[in-house]
Structures are given as structure tokens and as C-alpha cells.
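A.B. asks: A predicted structure for the sequence below; I have some questions about it.
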Amino acid sequence: MAAKKKVITTSDGVELDYEFLQKLGRQMKDQFATYKRDRRQQEKQWLKNLYQFLGKYDPEIEANLPPERSRAYPKITRTKLMTIVARLMNLLFPQGDKSWAIQPSKVPNLSQDELDFAFDEWLASNPDGEVTEEELDMVVREFARKAAQELELHIEDQLSDSMGGATETDSDDFVALCRQVIISAAIYNVGVLKGPMTVEYEYSRPVVVPGARPKIETYSGFRPYFEFVPVWDYYPDMQAKTFTQMDGQFEDHVYAKHHLQALARREDYLGEQIKTYLRENPDGNYEPANHEQDLDTLNERREVVQRSNKYRVTEWWGSVSTKLLKDIGVSFGDPGELPEDQREDIVEDAFDEEPQKKEPEPDDGSVTRAVVWFIDDVVIKVEIDPLPQHAAVYHQFVFDDSVPALCGGSMAEVMRDSQMAVSSTARMMIDNASVTCGPNLEIDMSKLVDGQDYKTIGPFRNYYTDSKNNPSGHRAINSISFDSHLNELLQVQSQFMNFADVETFVSQENMPENTPGEALRTSGGASMIMGNAALPFRDIVRSFDKFTVSVINSMVAWNKLFNEELSMMGDMRPVAKGATSLIAKEVRAFQLDNLSNTLTEEERIYLDDEKILKQKLQARDIPFEDIKASEQEVERRKEERARRAEQMRRREEEAWDMEKRAMRGELLKDLAQGKKNLDSADATSVQALSKLMETGANIDERAKQPETGADA
């Protein structure tokens, strides 16, 4: 009879092989030790950067400074870095706009279900129509456009919600999390954001009830959230050249006991494993890592802080042997189901109490992306990575990716020599000033009367000599002066401050707000000044655009998996707009105003007035949504404007009708007067002719009479 194997049962009834689960735990522990060892050199550089940012000397430099000498450390690194962070935040997160968008593919690639959905919508509007190739292409593109627009609204709403996790961090919105990432990258050279993770929540929606009052219905769903990951807790694969080439990454957590108890109650963790470990280790398993001891020293904690009752929990996202996952019993498909090509046939044996599996398949070396949580070598969670291959859960912002290293370079490293030189000259100036400002005295103690205090110098002090101690009568106390080099040192310091300005492209002289206003009177002058000031930031922003695309791409993948409110997804891609926001806002405002003034009525047909208004407000840092009227008010104003336009048209028509009537009356009056004049002229001619005939005038004279009759 075969021995019964020990299994760990998950919350949904899946049995995991305990023996292979232990094997996975040992492998993860050994691999984590390798990653920690590989990261140690990078930790030393991070520590130097942090000392420099905080304005403290490295321990080896501090140890070599004489105790009576100055330890001045001008914090120009902090000033430069925080200025860069502020400018990047202003550029990457402008008021009333976002630094990303969802765009449909130029040639959408739809599934059959999506095509059927789009065609049914077209068929509803064209019940008797027969679709052509051109119409079908338009239907597909319009469906992809609407799907991208709807998904963009959903992601924007999700990112505006609370982003923090329930057990690890406080709630921060997405912009606040990105600021932490940027600060981390500026100091250490890399900032890390984790997500989207999923949390279940309940939400309410108003619904219309026919024949009754509307009511609120409650639904259960999922929402994504992100977390900022400090670099000290993040262990990448240092053997890889880029983050996309890594086998995976570890994240280190230090939890209190109640955090682990909360994880034990969650369905996606192995509660039995966690409870067993807590019983066997009631006082925790925490041991300080090398970098934690270094940070304690930085915080002037000379002795290692005793963090009692704490548990170090490690999280892995990366590749795991496919065969080992199968041996454990991890589900590769829906919960409780396996694809047919991955199922293992079960053979019943009449003499065994339990079914026996076939001979295990040989290991072909294939790996699968998985998520593993473990304490020491005890696995407390294992599952297949829910996100697709092209979507990442850790998003890295590398401040300077031109440095040939996995984590790139930081601005603190760039200006380190200038910072050290400025600090050295500051110390020399203070030390030199301390001796030149004196007083410095030469005291001949043999000439002073005994019992006098000669160690301190103060006002209204008397020093006594006598002929016994000073028979020569010379002065017992003489002042000594030392050369002052403050001017030379100030020049040296100023030179290295200029070096720091050049190295960090941040100085008070070339900041746009300190530029005389005359230069900004024309768009050309503004473009030159603002454009030149923004040029060095373009490479940093392009690097952040890669980070943005990674985040939004993972959000697209998450919505495809968990967002039940989206009917169809279409074919789309995320686009970062950070680099385009670097155009000087003053120049954009001028260009938009000039465009609005020069557009013809025919040209306005092709433009959206609301979008033009949004662009104008964005260029002036005025949030459109904060001052926008409600939709009902906008419609009312449009109707009022249309009504007034109709009234004006009618008044113009009435005025024209009245003018036409007046013109017609004048014309008739003129015609009547003309007819009256003609009738009067005819009567005069007849009378004149009759008079001539009575007087006997000849025919020639009578023929001339019509020509002269009018003058008579």
C-alpha cells in the first residue's frame, strides 16, 4: 500500500503537494540570497547618493576630518534634485490634462465576437442595408475608436481612485505615487512602481425601475491599485542588461504578526502554512540586512535597532520551472481546471486507498511566469502570473538610461564631484575665517604674574606683569595675524557652483521665470528661451514616457481580465504624451489665440470648439473641469443662443420686408407721378397744335411744333 502524501489544501479545494512545495521554497530562498549578493555593490552607490542628498559626509570621509575642524556641507544636491522633481511634475502632470492616452490601432485586429458586436450595431441602424468592404472598414474603425475612448475613461477613473494597499501602505493617488517614483530615480537612479494589483470591493449604481422610483443597487467587483516600492526593498536580476531581460524580481517585506494573520485569512494565500509558521516562530524571524545596518548608521543609530516580533516575507514575480509547478499541483487555467494538454491522467489501483499518478514527465527546461511568496523557505502563496506576457507588474523609471548599467545613473552621481568640491571650500572658508577673525595671541607666560587665566580671552580683561617676572619690560601678550584667503576660496566655490549648474542644467540664471519680460513679448523670443530651458528635460521625460507606457499597458491588460463593465475591448495601444507637454505654455497660448483669430468660417467646420477651448485653458494652467458649466447649462446656453439667432434672423427678414414694401411704394408713387406728367404733356401738345391750326400755320411749322411745343 502506497504511503499517503502530505498535501496543502487551498481555499478553493486544490491540493498542493507538500514535498514539492518545500522544494520550491528552498529554491526561492537560495535564489533570493544570490540576488541580495549581486545587489550589494549597487547598494553602496545608493548609500553614497543618499548621504549626498541629505547633506552628510560619507562615514569614511567623516572619520578623516579632525574633530576641531568645520563639517559644513552646503546641500546643493538636494536643492538641484528637488528643483528637477518639481519641474518634471509640472511638465508630466499638467493641470486639466494627462500624460497618456489610449489610441485605437490604425488597422484594428478584432476577434470574431467583437466583429459581431460591431456589425450588430451597424445592422440596427441599417436593417435593410448590405455592408460593403468600405462600410465594414468604417464600422471596424469606429468600433475600435469607441472602445479605446471608453477604456481611457475607465482607466482615468481608476487611477484617480485611492491607490494604496490595505495592509502595506497608506492610500495615495497616482500622481503622488509617481512623485515618489521620480524622487527615488533622482536620488538613487531608479524608481519602482508596483501594480496593478487587485482588490475586491463593493460599489453602488442608481438604476431605473419602470413604474417606480429609482433605487440604488449594490454590486461586487474589483479595482486595481498601485504601490510605490523603495529601492531598498526591490531586488532585480542584476545579471541582466535590461529590465525586460530579467528572469524575475524579488520584493522584501517586513511585517508585523497581525499583517501575516491578515494574509492567512485571504483566499489567495496558504493560510495553513502561515499559521503553522507563526506557531513555530512566535518571536519573528527578522535579522537586519547589510543595507538596513547602513541606514541605521546614517540615522545615527550606532547600535542595530532591535525589531522584535517582525517577520521578513519575500515576494517573487518571475520564471519558475513549469514541471515543478505541475508537480506541486498549481492550476494553469481557471481555478480547479487544467488544460487538456497539461492534465495528468489518473490511474485507479484497486489495492491502493488513493489514485496513483502516471510516471512524471521529464523536465524539458520550460519555465512559466509565476508569483511566489515565502518566509524563509516556507511557501505561503504560489500561482500563475495573471497578467499576460507583455504586461509587467513592476514598472521602473530610470533617470539616466545612457549609463550602461541595469539601474542607469542618477543626478546625484553626475554632480558628486562638484558637491564635494563646494563642501571642501565651505569647510576651508570657515576654518580660515575662524583663524583670521581672531583674536590670535602669543603669550609669554613667564612674564605674567602667577595665577592669571590666560586660556580665555574676553572683554575688560587685565593682564599683569611686574619687574620680577618681566625685568625687560617687553609685552607679555602679542597679537598674531594670519592671511585671509576668503576671496580666493569664494571664487573657487563659485566656479564649482557653476559646474554644478552645467552638470544639472538647473540654475537661477537660465530659469524662465527669471528671464526679463521683454524677451517674452514675441513668440520667437519666448520659444527660444522656454524651448532652450526645456531641452535638457526631454531625455528624462522620454525615459518617463517608457514608464508611463508600461503602467498604462498593464492597466489595459488588467481591464481585459477583471473589468466586467466593459462590453468589448477592441484593439488599442497606450500612448505617452509627456514629451509633447514640453512646449512652452506661453508660446502655445499665443499660437492658439492667433489660430482662433485667423480661422475662417469654412475652416472652423473641421475643428471642435470645445477642444480648442480646452487647449487654451491648459496652456494657462487653468483646469477645464473646475470651471466648466454643467451639461444641462451648456445645452441651455446653446438653445438660448440658437433662439436669439432665430429671433435676429426673423427681425432681419421683417426689416427687409418693410424695406421692400417701402421701396415698392416709392416706385409706385414715382410711376404715378410719371404717368401724370406724361398726361399733362400730351394735353399741352394738343392745345398748342389746335391753336396753330386755327391761325393757319403751314405743315412744316406744324411738323416742328412737337419739338418746340414743350419749350413754349
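C.D. replies: Good, I have the coordinates.

A.B. asks: Could you report the distance from Asp173 to Tyr234?
C.D. replies: To Tyr234, Asp173 is 22 Å away according to CB to CB, to the nearest Å. Placement of C-beta: from N, CA and C, glycine included.

A.B. asks: So for the two, which residue has more residues nearby?
C.D. replies: Between Asp173 and Tyr234, Tyr234 has the larger neighbour count (other CB atoms under 10 Å), namely 20 against 15.

A.B. asks: surely that one meets Glu251?
C.D. replies: Yes. Counting by CB atoms under 8 Å, Tyr234 does reach Glu251; the two are 6.0 Å apart.

A.B. asks: can you list residues touching both of the two?
C.D. replies: Counting by CB atoms under 8 Å, 6 or more residues apart in numbering, the contacts common to Tyr234 and Glu251 are Tyr394.

A.B. asks: After the host helix or strand of Asn559, which helix or strand is next?
C.D. replies: Using DSSP states H and E, Asn559 maps to helix 523-562. Per DSSP H and E, helix 523-562 leads on to strand 572-576 as the next helix or strand towards the C-terminus.

A.B. asks: Flag the shaky bits of the stretch 401-550 of the chain, pLDDT-wise.
C.D. replies: Residues of the stretch 401-550 of the chain that meet the criterion pLDDT under 70 lie in 508-536.

A.B. asks: cool, and the stretch 601-712 of the chain?
C.D. replies: 618-621, 623-626, 682, 685-686, 688-712.

A.B. asks: buried sites along stretch 247-260?
C.D. replies: By neighbour count on 16 or more other CB atoms under 10 Å, the buried set for stretch 247-260 is 248-255, 259-260.

A.B. asks: Tabulate those residues (CSV), appending pLDDT and secondary structure.
C.D. replies: Shown next, in CSV, are these (pLDDT from 0 to 100; DSSP: H, G, I helix; E, B strand; the rest coil):
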residue, pLDDT, secondary structure
Gly248, 94, strand
Gln249, 96, strand
Phe250, 97, strand
Glu251, 96, strand
Asp252, 95, strand
His253, 94, strand
Val254, 93, strand
Tyr255, 92, strand
His259, 91, helix
Leu260, 92, helix
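
A.B. asks: Going by distance to Gly25, which of the residues you listed wins?
C.D. replies: Distances from Gly25 to the buried residues of stretch 247-260, taken as CB to CB, are shortest for Phe250 (13.7 Å).

A.B. asks: can you list contacts of the helix or strand where Leu490 lies?
C.D. replies: Applying DSSP H and E as the criterion places Leu490 in helix 486-504. With contact meaning CB under 8 Å, 6+ apart, helix 486-504 is reached by 76, 80, 84, 411, 414-415, 417-419, 421-422, 425-426, 428-429, 432-433, 436, 507, 509-510.

A.B. asks: ok, what's across the strand from Ser479?
C.D. replies: For Ser479, the beta-bridge partners under DSSP bridges are Leu441.

A.B. asks: contacting residues around it?
C.D. replies: Neighbours of Ser479 in contact, by CB under 8 Å, 6+ apart: 438-442.

A.B. asks: Need phi/psi at Thr368.
C.D. replies: With angles defined as degrees, to the nearest 10, Thr368 sits at phi -130, psi 140.
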